[in-house]
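Colleague: Have a look; sequence and predicted model below, questions after that.
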Amino acid sequence: MHLTRAVTRITGFNASPEPVRKGRTLTVTGVLQRQNGSTWTAVSGQHVTIRFRAAGATTTTRMATVTTGEDGRFTVRFTAQRDGTWSAAYTATGAYLNTTSAGDYVDVG
């Protein structure tokens, strides 16, 4: 038996507002999708890890794990503390492949 795993992607990833004042709310959003033939469909009920790499740092910190909604969307809010790059990662289950979003740099003033 041959098991096929679906390709996934995180689209529409955004950390905003940009720039943001220190101590204010920063909102991180995105959508997890899987490839279904030539189209992409939402993946609900999956865990996405939100990561942060401070400006000048070499390591990334896991900030939260969120669950995608029925439309594949996820949203989480943080208190802005310092400049850096936000990203989201999905770790594969049996039916899907891993994926990571592009990074989004946020200037905290």
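Modeller: Done, it's in. Numbering: from 1, shown residues only.

Colleague: Let me see the contact set for the most centrally placed residue in the chain.
Modeller: Centroid-nearest residue in the chain: A88, 2.4 Å away (criterion: CA atoms, centre = their mean). Shown in contact with A88 (CB atoms under 8 Å, 6 or more residues apart in numbering): 10, 13, 28, 30, 48-51, 74, 100-101. For every residue, glycine as well, the C-beta is placed using N, CA and C.

Colleague: and what of A57?
Modeller: If you count contacts by CB under 8 Å, 6+ apart, then A57 has G84 around it.

Colleague: Against G84, how distant is it?
Modeller: According to CB to CB, to the nearest Å, A57 stands 7 Å off from G84.

Colleague: what stretches of the protein score poorly on pLDDT?
Modeller: 1-3 (pLDDT under 70).

Colleague: run the last query once more with 90
Modeller: Across the chain, residues meeting the criterion (pLDDT under 90) sit at 1-5, 92-95.
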